[in-house]
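In: Sequence and computational prediction follow.
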Amino acid sequence: MKKIDGEPPGDPKNQQIEIPLLKYIPATRENRYFYENGLSKIIPKLTVKVHSNLDECYYLWQKFSPNQSIFDLWDFRYAWYLGYGYKLYFYTIYEKKQPLAVLPLWFDEERKRYEWYGSYYMEDNKFFVKDENLIDLLFKIAPKPLSLDAIEIDEKYKSKNFFTKLILDEPKYIKDLKKYQSMDDLLSSLNKKNRHHLKSDYYKVLSLNPKIISGDADNENSCQELIRLNMLRFDNKSDDFSDFHKEKRKKTFINIVKNSGVYRVKFNKVYIQNYLAAIDLILTYKDTYCAPRGGNDVYRFKGIGNFMVYFDFEDAIKNQYKFFDCLQIDYNWKHRFFEEKNLYRLVA
């Protein structure tokens, strides 16, 4: 586990005793479903333990996480733990000493609810289970109030009981880059209007002779520049403010940069007339290029937002990434360039 200044030591007082699962799911009429779907023989053998010790939670995460997405990585989520410091609650189902299922949560002290470890910002959330039939058991033992967002789950499970408890969340926006050999190929996939605006703004900014820097030099200073420009971008809007006003969010993104290694960090920056006109934080992991946060001086440089979309796409294609992940929430523009992917949520 990557160590960063500020990590709390493991606290043995957080270790909990194991409780028989039957205490959560007694054989009553209300729980008849669990005893009719093939779990009746195994439920009496199972126990539940809630882990809050950081080292134990790390062990469980590493045991179950598929490490497919940047959100699956302990080091990425650990940056959020360092930023917010909320207590962990990893609800774990055991057969003897073998963990079979884990629900990795923390308690959000501001919203007064249990969420995924790492906050509501996390995406691509998966159920850590040895068998999908155990998901219903996790729902049963989960604490309340509970809000689990951005769940990634195969729709082949639509017939399962647990799937009926999920509702559609905001979609996330992905671009499959495998089909495109060049930026011209990608542009041809867009409709005429969106293609025109993207190219027009790109060449408009290019005519100003911008200085473009793409790399990982001096990342900590670049993170501060990102925070400043993001606050400038949103604080001039009457209906929104940058979340970087919150010190915990600032600290989190600084730690995302510091904690890179398994995933990579770089910044795409554009200077015009010695002004920083735009900056995007880029995270890459395996075959995916991700742009989770940026800042643009749209008031001084019209079209700079589209310029960055064009540049980031071109950068991802040139570096042979297979997917561009633009995350959830449309913000009234992502649908123009990306495809939607369904995610689900559970509220209890």
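Out: Looks like it came in fine. Remember, it's a predicted structure, so these values are computed and weren't measured experimentally.
In: roughly how far apart are Ser214 and Glu314?
Out: 10 Å (Cβ to Cβ, to the nearest Å). For glycine as for every other residue, the C-beta is placed from the backbone atoms N, C-alpha and C.
In: count of neighbours near the closest residue to Lys322 other than its chain neighbours?
Out: Excluding the flanking residues, the one nearest Lys322 by Cβ to Cβ, 6 or more residues apart in numbering is Asp287, at 4.0 Å. The tally of other residues near Asp287 (other Cβ atoms under 10 Å) stands at 11.
In: Spell out the residue ranges of the helices in the stretch 51-200 of the chain.
Out: 54-64, 74-84, 134-141, 183-188, 192-206 (DSSP state H, counting those that start in this stretch).
In: Of the ones you listed, flag the one that's most buried.
Out: When the helices of the stretch 51-200 of the chain are scored by mean count of other Cβ atoms under 10 Å, the highest mean neighbour count falls to helix 74-84 (a mean of 22).
In: and that one, what does it pack onto?
Out: helix 54-64, helix 247-258 (3 or more Cβ pairs under 8 Å, 6 or more residues apart in numbering; DSSP states H and E).
In: could you give the angle of it to helix 54-64?
Out: Angle, helix 74-84 to helix 54-64, by axes from the mean of the first three to the mean of the last three Cα atoms, to 10 degrees: 150 degrees.
In: ok, residues contacting helix 74-84?
Out: Outside helix 74-84, the residues that touch it by Cβ atoms under 8 Å, 6 or more residues apart in numbering are 1-2, 4, 6-7, 58, 61-62, 65, 70-71, 88, 106, 117-119, 121-122, 248-249, 251-253, 255-256, 258-263, 283.
In: you'd agree Gly303 is up against Lys204?
Out: Yes: here Gly303 reaches Lys204: they are 5.0 Å apart, a contact under Cβ atoms under 8 Å.
In: tell me the contacts of Glu109?
Out: Glu109 sits in contact with Tyr86, where contact means Cβ under 8 Å, 6+ apart.
In: do Thr28 as well
Out: Contacts of Thr28 by Cβ under 8 Å, 6+ apart: none found.
In: Next, work out how far apart it and Leu22 are.
Out: The value you get for Thr28 to Leu22, if Cβ to Cβ is used, is 11 Å.
In: circling back to that earlier point, nearest to Met231, out of the helices of the stretch 51-200 of the chain?
Out: Proximity to Met231 (Cβ to Cβ) singles out helix 74-84 among the helices of the stretch 51-200 of the chain, at 16.9 Å.
In: And that closest one, how far out from the chain middle?
Out: 11 Å (Cα atoms, centre = their mean, to the nearest Å).
In: Alpha carbons only: can I get that helix in CSV?
Out: The C-alpha trace of helix 74-84 is given here as CSV (Å, rounded to 0.1, in the frame of the first residue of the first chain):
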residue,chain,number,x,y,z
TRP,A,74,-6.8,1.4,-4.0
ASP,A,75,-4.2,4.2,-4.6
PHE,A,76,-6.8,6.4,-6.4
ARG,A,77,-9.5,5.9,-3.7
TYR,A,78,-6.9,6.3,-1.0
ALA,A,79,-6.3,9.9,-2.2
TRP,A,80,-9.9,10.6,-1.3
TYR,A,81,-9.5,8.9,2.1
LEU,A,82,-6.5,11.2,2.8
GLY,A,83,-8.6,14.2,1.7
TYR,A,84,-11.7,13.5,3.7
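In: okay, the helices of the stretch 51-200 of the chain in a markdown table with distance to Asn274 next?
Out: Formatted as a markdown table, those follow (distance: least, Cβ to Cβ, whole Å):
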| stretch | distance to Asn274 |
| --- | --- |
| helix 54-64 | 45 |
| helix 74-84 | 32 |
| helix 134-141 | 55 |
| helix 183-188 | 27 |
| helix 192-206 | 15 |
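In: of all these, which lies closest to Arg233?
Out: Per Cβ to Cβ, nearest to Arg233 of the helices of the stretch 51-200 of the chain: helix 192-206, 15.8 Å.
In: for the closest one, the distance to its chain's centre please.
Out: Counting by Cα atoms, centre = their mean, helix 192-206 comes out at 30 Å from the chain centroid.
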